[in-house]
Each structure stands twice: as structure tokens, then as C-alpha cells.
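**Student:** Just to be clear, the model below is a prediction. Sequence and coordinates:
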Number of protein chains: 2
Amino acid sequence: MDSTEKLLGKTLAEKLTMESQVSDLKSSSSSSVTDKSSLDEEVFRKNLVNMLTSAKNMFYVPSFKIYNSGVSGLYDYAPPGCALKSNVLALWRQHFVLEENMLEVDCPCITPEVVLQASGHVDKFTDLMVKDEKAGTFHRADHLLKDFCTEKLQKELTALSAEKVQELKHVLAMVADFSPEQLGSKIKEYGVVAPVTKNPVSDPYPFNLMFQTSIGPSGAVLGYMRPETAQGIFVNFKDSYYYNGSKLPFAAAQIGQAFRNEISPRQGLFRVREFTLAEIEHFVDPEDKYHPRLSEVEDLEFLMFPREEQGPGKDAVKLRLGDAVTNGTVNNQTLAYFIGRNVCGSVSILEMRWHIMQHAEIQCSYGWTECVGIADRSAYDLRAHSEKSGIPLVAHEKFSAPREVEKLVIIPVKEELGLAFKGNQKKIVEALEAMDEKEAMEVKAALELHGEVEFQVCTLGKAVTIKPSMVSISKEIKKEYQRVFTPSVIEPSFGIGRIIYCLFEHSFYTRPEDEKLNVFRFPPVVAPIKCTVFPLVQDKKDNKYDAVAKEISKSLTAAGVSNKLDTTGTTIGKRYARTDELGVPFAITVDDDTTTVTIRERDSRDQIRVEINKVVRLVQDLTNGVRTWANIQSEYPCVPFKKMNDLP
Amino acid sequence: MDSTEKLLGKTLAEKLTMESQVSDLKSSSSSSVTDKSSLDEEVFRKNLVNMLTSAKNMFYVPSFKIYNSGVSGLYDYAPPGCALKSNVLALWRQHFVLEENMLEVDCPCITPEVVLQASGHVDKFTDLMVKDEKAGTFHRADHLLKDFCTEKLQKELTALSAEKVQELKHVLAMVADFSPEQLGSKIKEYGVVAPVTKNPVSDPYPFNLMFQTSIGPSGAVLGYMRPETAQGIFVNFKDSYYYNGSKLPFAAAQIGQAFRNEISPRQGLFRVREFTLAEIEHFVDPEDKYHPRLSEVEDLEFLMFPREEQGPGKDAVKLRLGDAVTNGTVNNQTLAYFIGRNVCGSVSILEMRWHIMQHAEIQCSYGWTECVGIADRSAYDLRAHSEKSGIPLVAHEKFSAPREVEKLVIIPVKEELGLAFKGNQKKIVEALEAMDEKEAMEVKAALELHGEVEFQVCTLGKAVTIKPSMVSISKEIKKEYQRVFTPSVIEPSFGIGRIIYCLFEHSFYTRPEDEKLNVFRFPPVVAPIKCTVFPLVQDKKDNKYDAVAKEISKSLTAAGVSNKLDTTGTTIGKRYARTDELGVPFAITVDDDTTTVTIRERDSRDQIRVEINKVVRLVQDLTNGVRTWANIQSEYPCVPFKKMNDLP
């Protein structure tokens, strides 16, 4: 068991929170965030969510809402949200699968029980739950305690003693790691009751978060909806390794649905019962976590501080990623590379406020929230599946020349053992053969020194006396042609729904001149609708502008650029207001110039004039990231604001 | 209830097989298929599947196979298969969502029971099952009977009487429509036994095909894994209609996983327990199934024949799609449009042998198999959800001027009814108000003729005597400002796994000169890997070719073109064999010409010479469908076969 596995092996819960081996890191970009009071944040969030889920905008909506069925934690991505999600996933696929040459796979959500028994989920993928016995409702025990402490600190701060404040803060910091007993005793001590009903609650007990079902007609084969996509990748390691030419390192990736039967989901898109994960399992030699492309990211700088120096009084140190690997702040090259890639990658492409703090967190109205985990899962999962299935999930390193290695050789002498121990012989033989090197050497030394040794046989439940004639223990030099080992796994894991929700919050603003004018400043590459096409409002009833606008819209569509043709004839101002609220980055207006049109950029509201036969290609380049607005502005004549300013 | 609903309302099973209103259509393209014996087909399929699922190729693999867990009907799309699938879905999204301006949504797989009670799935989404009582295994009753008849006809044909042959053929034609009793009696009559064990089987009984689970911690809220994606769209109709500006027609689309707990899955990717569906729900005014874009497809011609003329002796008639609508062979414009779009669309883009036969079928080694359904679901689902939820899922047609309509007015006289019937008054009032027009007019006539009428009140379980003083029934002229109606739904539904499997079969061939040289002729737009880049094998040890090849590969990746750089140094012949087997359409070879490279096309094996700085753009255009190989060949110098022919 290597050190990474020791850390992760302690509890599965720890592993599943995808805590990384990265010492705590914090990017400097977080300083740009202005503090708001939590009340402000709540009002902001409520307004934003209302806007996002309204029938007018439909970015996302609570699923099956006409049934008001009390089933929370399920959401639909409705038209603009679905397009945004699809664009984020395409970006992710380009950034990781294509550019990193990953092996993308697509495994089923339904997973037989045996797989999740091996991974530990059947036994340990639980949250601690309390029951409101009178109302028959359930709550997450840690959330209840956390809410109690937070409220106490907020509402009664002046009335509390300094010691009490200290204690409550300590509980808040530790609550995620509390045992059922610790949680239960604090709940009792503080008199924490159920929300709304104010009833007392039961002792905390574990609730498995997987959705269970049965597979096939007999009802006898249990299955679960996968709680992560990773296991589907692990069980295929043998084939994937062969497919990859039996070479390490390589990464497999998967985008798909995962399911967690949350006890009481809240926080909208942040805690849901079904969500899209994009996961990478990077398989690497545990003795050589070298990454061939580290040089591409090693000059990126972050504020980092080792875990032991964490705390309010400590200062972070700005470090080059390359140096952080050299001095051990980041454990290995592969971890460092993925930290760097994530930074260059999907999160920062979305231009969000984020930092790395064991996992990559993004700041939003819920506070700093984990959106990307970078976990070192070590050899845990591959070993677990090897043992359970009997199929070795291992890699091979062929030596260029055979190596001589010292091997422990234990040969029990069966006749002697049989004479001495009769029917127990077999169990004693097995116990002798199972000795590790240290134990075997101790037995050998004792036999040589005392002529016999008391040897504990667990399967017999007693010790037996072993004499030198009964076993031969020696070390021999053997030739080895290859090393066989279980690869380690580094797992960057992206919660797509959480990233999208943060994108909503970070992209939202209102025009300074009118707070009813809402805008989403989505980066063009992920914007749900890339471009609107308007014919200018005309007095005359001929539709020659309409025909040109339709032609442009059709060409944009053929080029794969999602667009909206608006020939409703409402004022340009109202049309802009509508498209700003959907976050459309560009608007093409057809006017009385027969060979050119204007393009307006959403945030600057600058406009340029472009020849009709070039406009489709230009918008395509602007929205797939080939060119930027700043980059093209100088090439095209700017349209004076006044001329186009026919806002009502 | 309109006629389409009557047809589909009969049994849910009928509706769920997505049988369309289209009279049977058959395209002429099916004639290109050569007949093979079913044994040949089985050998062909076995070899193909072995190749597809091998660790060398990994297009797809049985899920969780290291556990050999007996859980069949689940498959992983492994690297090339996953890329192919992702390309097919991107094509579908471009072809339908973008080009048809559809509202794409993404709903959860987990669905509360109430939703699937309303849709009828909880009661009726079943297959008939028999149990092998001794072995404890289960089989689909219709499959057992079908297999029995097929085998009898194949193996004992000469020994059977003409009547018996006729009877078995009749059973085969009708087995899908048999009731449990009909199936059971035929199984008994023929002595059909379980496969392998040859044990007798139980009477057929229905087995619900949905995977059941429970949502939330209480265990009290039942849910299912959705058996189709459509219901998530239907329950959101109210919001979607508003989002679409309260206008019809419009279409919503969804790509996602669906789940069916098949009794005994077989036929590989064809009958699986979890699969990807791409579904379109096109909402249309039932009184006006006009489609604005029919003109784009109306000149397409198909062989069609009305259902009543179906049979071995009947000839199909070649019809323009437009004429087929006019003469009623195809029910309405919207159905016709989607038939046309599918033809121009994803199925034919994949260049597959297909025809339309109530649904779109593709021919493969399993026979003609349904891959795309085009169903007229009428108002069934929206009405069901309106009733169950109490939320009207309706559309409005505002009249340009108010219309005068005759309305039935029923006014029970509560005092009189109260005096006569005391405590029963309320139920009688409700029953009177609930009368439909026909019943009300009969009551009115009877009251006028006889001065009283016996009126059945179901909620009382008896009839009461109603007198003229107790109720006023009349017809009045009222003004109406709009028509409120439940839209009809046309549903094209694509089974992505089936389409992909057919694509494998149709794309596979072996080189005429060597049957060990396997090739997949995937169309470039869906090919998993678009291009390979090879440096020519060199004697010298410098790697200048490698550097150029790497640079080209990197530029291809940046342009979003998936590619494989092969610097292994094996012979060009071996490299081509490997990439042909993965269906890579183009190969770039870097040789001693410093300014140009060659591109080889997979199927013709023709090669052209292209300038290095143009090659990335050219391959991009070739693989995203902007240009074709035939189209560019004349522009570039062809490379003589001999020169490059360094095959070993």
C-alpha cells in the first residue's frame, strides 16, 4: 500500500469527495470578487433563478413541475440551457478528449451490484440522516447542525461568549468529518430540531445514496444507477490498456449521467439527484508519475500554501507550477499537469472566478463551491475490481535486460507437518506460505536460534510449535523479465451542472442605465444562440430586408452557427433587450445598404459594418474561438452609435 | 376523439411501437441488397461482432464483462464507437435541431411514478413472459413461438403439409398482435418448450419493462427509469408553447438515455436494456397539419402502397411525396415532411440500405429492422397529462374577429331538486351539468314530450325522476374570441444504437485481393477518426519527417479534426491495414518532398499531392461535408499508385 492509497484508503467517503493530493492551492484571481452580505446574495440568487426558470427564458426548469409531485432535485435543461450545456460539453471534448488524445467511452448508467460492491459504494456511499419522527420527514444530519451553528453565529453573535463563538466555528469547520456518534451528541447537546416543524429528530444513521433497481425479470439481480461514471472505465482497464498498445500513461474519459438519491436536495442545480459528470481517469505508473506535457503548463503561477500552514494567519506563496512540483508542494507531474490544464481549460475558458483548494472551487452566491475535483485515487479501484472479479487489472513494464531480484522462498515440508498436526496440516501449510518477508525472516531467525517457534495460525485460532524440519525459508536470486503493477489513477472530475450554474451567476449583469435590462455575457463559444438576424424596421410594406435576413440566417445555420431570425417588426431596442437576456453575443442588422450589414457586439454594444458575403464566415470565426471581437474591430469600419441608435 | 387518436388509443402497445399513419412505403433502394442465406448472415455477423468487440478495435464491448455477471443487454461504446456515436448525434443535432429550429431539451432519466401512470406506462408497458418453472428462467412468449415456427419452416419444410406451412406463416405474421390467451394456446398446441433446457413453460403473463426505483429517503415515492424521452417533453408543453411565442407548429427534441428491462435481451446492440434515443415531438394543430417546408421535400419519390393492397402479389406504385399527400396515401403534410427529412436526413446520410414500412426500417443481418419510428401520437399524451395534473396543456387560436357559436346551456334548478331529493341534490346537479350535447337534447325532448324523464345518476347508483321545473336546457348563441384545443403530436424517434449497428454492417467490406484486409467505409462526417498522419519510413535515423507529421497532427487537432499520428515505423501497408479496420477515411503521408504531402482516400486508395499549408483546411472540409473527394480530385495532382506502392 503506497502513501497515496493510505490516505485515500482510510474511508471511502474521503475518496469520494475527490480530495486531491494537491497541497492547498489558491489562485490570485479570487481577489477580484467583492464581498456581499449573505442576504444580498439570497435576493440576487432568487431573482436570477426566477429569470432563468421563467417560461420566457427557460434556461432550466424544475422537472415534471405540473405534477408538483414533491420530487425535488431534478431539473430539465430547457432550450437555451440545453444548447449551453451542449456547447460546454463540446468544448470539454475538444479541450480534453481531442487535444489530450483520451480514450472516450460511454458506459451504461445501470450497473450490476457486484461492480459497486467491489468499489465500496454498496457498503459506504452513505450520508448521515436523521428522521423527524412525528412528521415522517428526513434531513441530512450534518446540514441540520451546520445550519444551526451558522444561524446562531449570524443572529445571536453579540449575545454569545467568545468561547461559544470559537466552539461553533470549530463545529462548522469539522462537521463534514464527524462520526454518527459525534453528530448525534452535538445535535442533542444543542437541541437541534427539524426545520419548519421544530420537532425533535432521531439519532443520525447512514442512508445509501444510490438508486436501487433490479435487472431482468427474476427480480433477483440487484443493480444501481451509477453514482459516478468512473467504475465503467475501471472495469474495462484490461481491454483499454491493450487498445492503447499496452502503454502507460493514458487517459480514458466519459461524459454521462450520474445519480445520487440526496436526502433533501436544495440549492437548485447545485445539489441534484441526477447530473452530468465529465470524468477523466488518467492511468499512470505509480513509480513514475511523469507527465510528457508538463512543460506546456509549468510556467503558470498560483498562490499556494502547504496544508500545515493553512489558517487565517498564514500567507500564501506565489509559485510556478513547475517549481511547486520540484519542491513537493504539488505531489507529482501528472497532478500538476491537470491542475494547469484545468486552469487553461474549461473553467477558465468560461472566464469564471475560481480557485484551487484541494479541488477546484468556483465562487458563487452559495459561497466557494466544488465544481471540479482532481483526485489521486491511487490503485484503490483497479485493485478492488481485480480481487472481486479475479481478472488482473495490471500493467507491465518490460525490462530491456532481465533483472536479478532477491525473492523470498517458503517451502513447507508437508510430510513432517502431516505427521505432527494430522488434519490441521493444510491450514498450517497455507499460513506458512502466506507469511510476508518480515514475518518469514523472524520465523527463520527464531528457528535457527531456539530450534523451534510458536507460530500463530489464524484459521485454527491457536498457535502451533514449528520445528526446523517442517519448513525451509530462504532468499533466492531470480531473473525477472518484466515488472507487473497496478497503475495509479489521477481523476479530474467535472460537475457540468455546477459549472453551468456558476456560469449563469458570473455572466449575469444589468445595463448601468436601466436595471431592467438584463444581460448574460456568455463567452461566444458557449453561448446558446450565437447570433440574431434582424431586418431594420421599415415604413414600407415590402419585405426586401426580410429576404436578405432570411438568406443570412439560412447560411449561418448551414455553417452550424445557431441563430435566431427576428422579423417581428418590434423596435430594435426591444429586440436587443430580448437577445441580451438570452446572452446572444452578436446581432446582424440588415438595413438599406444593399451590400453590407452591421454586426453589434452584446457587451460593448459597438457595431461594425461588414460585407454581406463575408458576414457568415466572420460570425463563425468569432463564435468558434478562431477570432475575437477586439481582434477584428480594427479591420472593419465602426458604425457611429448615433446612426443606429433607434432605441425607443 | 379524432381518427388518429382512435387508432392509437386502442392499445398502448400499439402506440409504443410507434406505428405511423403512413400507408406502407417502400423505397426502391432496397433492391440493391443481395440475398444471403440466414446461415451466411449468422457467420457474417459473428465475425463482424468479434471484430467490433475485440480489444484491438473496441468499437463496443459488453459492459462489466470482467464480472461475467449474467447481466446481458448492456454495452459500452468504447473509443472508436463512442466517437462514431458522438458524430452521429452531432449530425442529427445539425440536421434537425439547428436546421429545423427545434427546441432541444434535456430531462432527467429518473421519472416519478405519477408521470408514467398518466402516460399509461405503469399499467401497460409490458411484454408477455413465460417462466421455465424448473430452471427458474424467463422468456418472451412471442419470441419462443416465433423461433419455434421459424425453425419448423426451415428444418422440416419438405415434411410439412401445405396447410401446415400456411398456418405457421400465418402465426409468424400475427404473433406480435396475439393476446396472452392466443399465445398461451398456441404454445400449448405446438408443445413449445424452453430453449436449452427443453422444459415446459408457464402460461404467458405480462411483465412491466420499466426499471423501478424509489426516490428520496422515505422509500415511499416510486419512480422509474424513463422508457422513452418523450414524456419529459409533454409535461413541459405549457412552458414550451409560451417560450415559442404561443405559436404552432413547433417541435421539441431530446437526445438521451432510455431504459427497458428486456426479459431476455439478445441480438447485441439491437435489443438492449439501456439505449440512446433521439426523439422529436412536433406539436401541430390537429385541424391543420400543414407544414411550411413541405415544398423542400415534395419532389422526392418513393415506392408506396396502401395498407389494404399489401401482400406478395401487389405492386408498389412510385409516387412523388407531394402527390402522396394530395391523394391521401400519406395522411398529412407534417408526416410527409418528416418522411422526406428522414430520407434526406440522418439515415440516408449514412448511406444505408433502408425503406419505410410503417416505420423506417434498415436492412441488416437480423432482417429488416425498425430504426426510426414516425408516429402520429395524436393528442393522447397531452390529454392524459392534462387530466392527471389538472394543468391544461392546450394551444389557442385567436380569431381575427369573434365568432358566433351555438353553446349548450344546462341550468339545474337547485331549490326544486333540493325539495324533491334532499341530500342527493348535489350529486344530481353535478350529473345534470355533466351531460354531453346528445344526452342533454334527449332529456330535453323527453321532458317536453312526457313531462318527466328517468335520469340515471351514476354517483347515486340509481335513476331519479326529473321534471321540467327542475332543469332548464337550451342552446344559446355565444361569441367566441379564440379556439382552445389540444395539439396533435407527430413523433419521429431514432434508435441511435440500432442505426450505429446497421452502419457497422453496411460499412464493412474486405479488400478483394485479401479477405483479411477489413475496411469500414464510414462516411467521413461520422468516421471516429478522420485522418491518420504517417511519416514515410526512413533508413536514416533523423526524424525530420516525424516533426512535420507532428505539426500537421497538432494543427488538425486544433481545427477539431480527430486524427492519429503514427510514428511507429512499421510499413505503410501495415499502417493502412490498421486504419482501414478503424474506418479512417483519409491518410496523410509525409515524404521527402518538403513543401507537399500526399492524401490517400480509404476506399478508392487514390492519392493526391497537396501543399502542406493547405492540407489541414482541405481535410477539415472533406470531413465536415463541405467538400467531397470526387469534388477535389481534379484540383490536385494525382500520385501514381506505383510510386507510393511500398506495400510489403
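**Tutor:** Here it is on my side, so go on. Numbering: from 1, shown residues only, chains lettered A, B, ... in the order given.
**Student:** show me what contacts A:Leu321?
**Tutor:** A:Leu294, A:Val297, A:Glu298, A:Asp299, A:Leu300, A:Glu301, A:Phe302, A:Val330, A:Ala336, A:Ile339, A:Gly340 (Cβ atoms under 8 Å, 6 or more residues apart in numbering or on different chains). Yep, even glycine has a C-beta here, placed from its N, CA and C like the rest.
**Student:** same deal with A:Ser240?
**Tutor:** So A:Ser240 contacts A:Leu103, A:Val105, A:Ile233, A:Phe250, A:Ala252, B:Met58, B:Ala78, B:Pro79 (Cβ under 8 Å, 6+ apart).
**Student:** One more: A:Gly625?
**Tutor:** A:Pro524, A:Val525.
**Student:** What is the burial count for the residue nearest to A:Gly81 when sequence neighbours are not counted?
**Tutor:** Distances taken as Cβ to Cβ, 6 or more residues apart in numbering or on different chains place A:Phe59 nearest to A:Gly81, at 3.9 Å, with adjacent residues excluded. Look at A:Phe59: counted by other Cβ atoms under 10 Å in any protein chain shown, it has 28 neighbours.
**Student:** My read is that A:Phe59 contacts A:Leu52, right?
**Tutor:** Yes: taking contacts as Cβ atoms under 8 Å, A:Phe59 lies within contact range of A:Leu52: 4.3 Å.
**Student:** Give the residues shared as contacts by those two.
**Tutor:** Joint contacts of A:Phe59 and A:Leu52 (Cβ under 8 Å, 6+ apart) are A:Gly81, A:Phe504.
**Student:** Kindly format the C-alpha coordinates of stretch A:454-464 as PDB.
**Tutor:** Output of stretch A:454-464 as PDB, limited to C-alpha atoms (Å, rounded to 0.1, in the frame of the first residue of the first chain):
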ATOM      1  CA  GLU A 454       5.400 -20.700  18.400                       C
ATOM      2  CA  PHE A 455       3.500 -19.900  15.200                       C
ATOM      3  CA  GLN A 456       0.000 -18.400  15.200                       C
ATOM      4  CA  VAL A 457      -2.400 -19.900  12.700                       C
ATOM      5  CA  CYS A 458      -5.400 -17.600  12.500                       C
ATOM      6  CA  THR A 459      -7.600 -20.100  10.700                       C
ATOM      7  CA  LEU A 460      -7.000 -22.600  13.500                       C
ATOM      8  CA  GLY A 461      -7.400 -19.900  16.200                       C
ATOM      9  CA  LYS A 462      -4.300 -21.100  18.000                       C
ATOM     10  CA  ALA A 463      -0.500 -21.200  17.900                       C
ATOM     11  CA  VAL A 464       1.400 -24.400  16.900                       C
END
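**Student:** so how far is that stretch from its chain's centroid?
**Tutor:** Mean-position distance between stretch A:454-464 and its chain equals 48 Å (Cα atoms, centre = their mean, to the nearest Å).
**Student:** For it, what does the pLDDT average out to?
**Tutor:** Averaged over stretch A:454-464, pLDDT sits at 89.
**Student:** And stretch A:170-189, by the same measure?
**Tutor:** pLDDT averaged over stretch A:170-189 gives 90.
**Student:** now stretch A:324-337
**Tutor:** 84.
**Student:** end to end, how far does it reach?
**Tutor:** From its first residue to its last, stretch A:324-337 covers 11 Å (Cα to Cα, to the nearest Å).
**Student:** got the buried residues for it?
**Tutor:** Neighbour-count burial for stretch A:324-337 flags A:Ala324, A:Val325, A:Thr329, A:Val330, A:Asn331, A:Asn332, A:Gln333, A:Thr334, A:Leu335, A:Ala336, A:Tyr337 (criterion: 16 or more other Cβ atoms under 10 Å in any protein chain shown).
**Student:** Show me which of these is closest to chain B.
**Tutor:** Proximity of these to chain B (Cβ to the nearest Cβ) peaks at A:Tyr337, which lies at 17.2 Å.
**Student:** shouldn't that closest one be in contact with A:Lys289?
**Tutor:** No: applying Cβ under 8 Å, one finds A:Tyr337 not in contact with A:Lys289, separated by 9.5 Å.
**Student:** show me what contacts A:Asn244?
**Tutor:** So A:Asn244 contacts A:Leu103, A:Phe250 (Cβ under 8 Å, 6+ apart).
**Student:** Show the model's pLDDT score for it.
**Tutor:** Reported pLDDT for A:Asn244: 94.
**Student:** now A:Thr4
**Tutor:** 29.
**Student:** Drop anything exposed from the contacts of A:Leu321.
**Tutor:** A:Leu294, A:Val297, A:Glu298, A:Leu300, A:Phe302, A:Val330, A:Ala336, A:Ile339, A:Gly340.
**Student:** Out of those residues, name the ones that lie in strands.
**Tutor:** A:Phe302 (DSSP state E).
**Student:** Where do the helices of the stretch 501-648 of chain A begin and end?
**Tutor:** Counting by DSSP state H, counting those that start in this stretch, the stretch 501-648 of chain A has helices at residues A:544-558, A:572-581, A:612-623, A:629-633, A:641-644.
**Student:** Let me know which of those helices is the nearest to chain B.
**Tutor:** Here helix A:544-558 is closest among these (Cβ to the nearest Cβ), at 5.5 Å.
**Student:** May I have that closest one as PDB, with CA atoms only?
**Tutor:** Extracted in PDB, the C-alpha atoms of helix A:544-558 (Å, rounded to 0.1, in the frame of the first residue of the first chain):
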ATOM      1  CA  LYS A 544     -36.700  43.100 -49.200                       C
ATOM      2  CA  TYR A 545     -34.800  43.400 -45.900                       C
ATOM      3  CA  ASP A 546     -36.600  40.300 -44.700                       C
ATOM      4  CA  ALA A 547     -35.400  38.300 -47.700                       C
ATOM      5  CA  VAL A 548     -31.800  39.200 -47.100                       C
ATOM      6  CA  ALA A 549     -32.100  38.500 -43.400                       C
ATOM      7  CA  LYS A 550     -33.600  35.100 -44.100                       C
ATOM      8  CA  GLU A 551     -30.800  34.300 -46.500                       C
ATOM      9  CA  ILE A 552     -28.100  35.200 -44.000                       C
ATOM     10  CA  SER A 553     -29.900  33.100 -41.300                       C
ATOM     11  CA  LYS A 554     -30.000  30.100 -43.600                       C
ATOM     12  CA  SER A 555     -26.300  30.400 -44.400                       C
ATOM     13  CA  LEU A 556     -25.400  30.700 -40.700                       C
ATOM     14  CA  THR A 557     -27.500  27.500 -40.000                       C
ATOM     15  CA  ALA A 558     -25.800  25.700 -42.800                       C
END
